[in-house]
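[1] sequence unknown, structure follows:
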């Protein structure tokens, strides 16, 4: 009898513990849209999520192979039901599709083990909203591990999501280092990506005689449009020894 009571209480505790998670997951509902992508093997997928009186929208290209059960072959209008499974959780979707375009409703189910797995890597504070965002942008423990291996500073939970959103990957970091840069700050890496500081840009500037530039100067050049072409044009007009600061000031004041 005691064994039965113990088993019942254990089951009851599990049900109570799971109830808030299920209820929270049910709050993550919204709309989705699909349209053709210009990238091969991908489709443009948009998620609109309403919560607490506000809403968020995300639109990007997702791999077709992620859409389990989606019928893209049928041209005529038809009902669809598919799932997308990522480390942070699963999107259950249903709606319609016609000629590669469609819309419908989604329900996001959080992966219960995801926050613990990320916490073990040093990324804490993953609440329901953060977990949903990490699922949308495909932040995974594997992605977190690969970035930690690059020894960048300031790699917080929020910054990890920012890396994914702006495309700061381990490959991008290694390419910058191969070009002679050694950015270790998470903030600077995101700034590089946002403003288009690429290894190609760095090498082009170095060929014009500007070596070992500070990261802040490279960002300023991209913000104000000091391109290799602009520098070459100034040199052709006899202004051959301008510093980066002078070039930036000229650009700020629209001197071409």
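    It's in. Since we're looking at a predicted model, the values are computed, not measured.
[2] if I look at residue 202, how far off is residue 160?
    25 Å (CB to CB, to the nearest Å). No exception for glycine: its C-beta is placed from N, CA and C like everyone else's.
[3] those two: which is more packed in?
    It is residue 160, of residue 202 and residue 160, that has more neighbours when counted by other CB atoms under 10 Å, with 25 against 20.
[4] and the contacts of the helix or strand harbouring residue 33?
    Element membership for residue 33 (DSSP states H and E) is strand 29-36. When contacts are defined by CB atoms under 8 Å, 6 or more residues apart in numbering, strand 29-36 is touched by residues 43-50, 55, 91, 93, 95, 97, 100-108.
[5] out of those, which sit inside strands?
    43-50, 55, 91, 93, 95, 97, 101-108 (DSSP state E).
[6] from those, keep the buried residues only.
    By neighbour count, with 16 or more other CB atoms under 10 Å, the ones in strands among the contacts of strand 29-36 hold 43-47, 49, 91, 93, 95, 97, 102, 104, 106-108 as buried.
[7] give me the lowest-pLDDT entry from the residues you listed.
    pLDDT across these is lowest for residue 49, at 89.
[8] spatially nearest residue to that one, not counting backbone neighbours?
    Excluding its sequence neighbours, the residue lying closest to residue 49 (CB to CB, 6 or more residues apart in numbering) is residue 30, at 4.0 Å.
[9] identify the bridge partners of that neighbour.
    Counting by DSSP bridges, residue 30 is bridged to residue 49, residue 106.
[10] any figure for the gap between it and residue 59?
    Taking CB to CB as the measure, residue 30 falls 13 Å from residue 59.
[11] ok, now residue 49?
    Separation of residue 49 from residue 59 (CB to CB) stands at 12 Å.
[12] the residue most central in space within the chain: which element?
    Centroid check for the chain by CA atoms, centre = their mean gives residue 165 as the closest residue, at 2.2 Å. Element membership of residue 165 [criterion: DSSP H and E] is helix 157-166.
[13] buried stuff in that helix?
    Neighbour counts over helix 157-166 (16+ other CB under 10 Å) mark 157, 159-166 as buried.
[14] and of these, the nearest to residue 68?
    Nearest to residue 68 out of the buried residues of helix 157-166 is residue 164 (CB to CB; 21.7 Å).
[15] excluding its backbone neighbours, what's nearest the closest one?
    residue 137 is the one closest to residue 164 (CB to CB, 6+ apart), at 4.5 Å.
[16] that older thread, overlap in contacts of residue 30 and residue 59?
    residue 47.
[17] and these two? which has more neighbours close in?
    residue 30 (19 against 12).
[18] and the more buried one, what's its pLDDT?
    You'll see residue 30 listed with a pLDDT of 95.
[19] how about the helices in the stretch 51-200 of the chain?
    114-119, 128-136, 141-148, 157-166, 170-178, 186-195, 199-207 (DSSP state H, counting those that start in this stretch).
[20] tell me which of these sits nearest to residue 219.
    Using CB to CB, the nearest of the helices of the stretch 51-200 of the chain to residue 219 is helix 186-195, at 5.2 Å.
[21] can you point out the buried residues in that closest one?
    Residues of helix 186-195 classed as buried: 186, 188-195 (neighbour count, 16+ other CB under 10 Å).
[22] show me where pLDDT drops low in the protein?
    1-27 (pLDDT under 70).
[23] what domains does the record give for it?
    Annotated domains of the chain cover 26-139, 165-252 [automatic domain parsing].
[24] neighbours around the residue nearest to residue 220 when sequence neighbours are not counted, how many?
    Closest residue to residue 220 apart from its sequence neighbours, by CB to CB, 6+ apart: residue 248 at 5.2 Å. Close neighbours of residue 248, defined as other CB under 10 Å, add up to 18.
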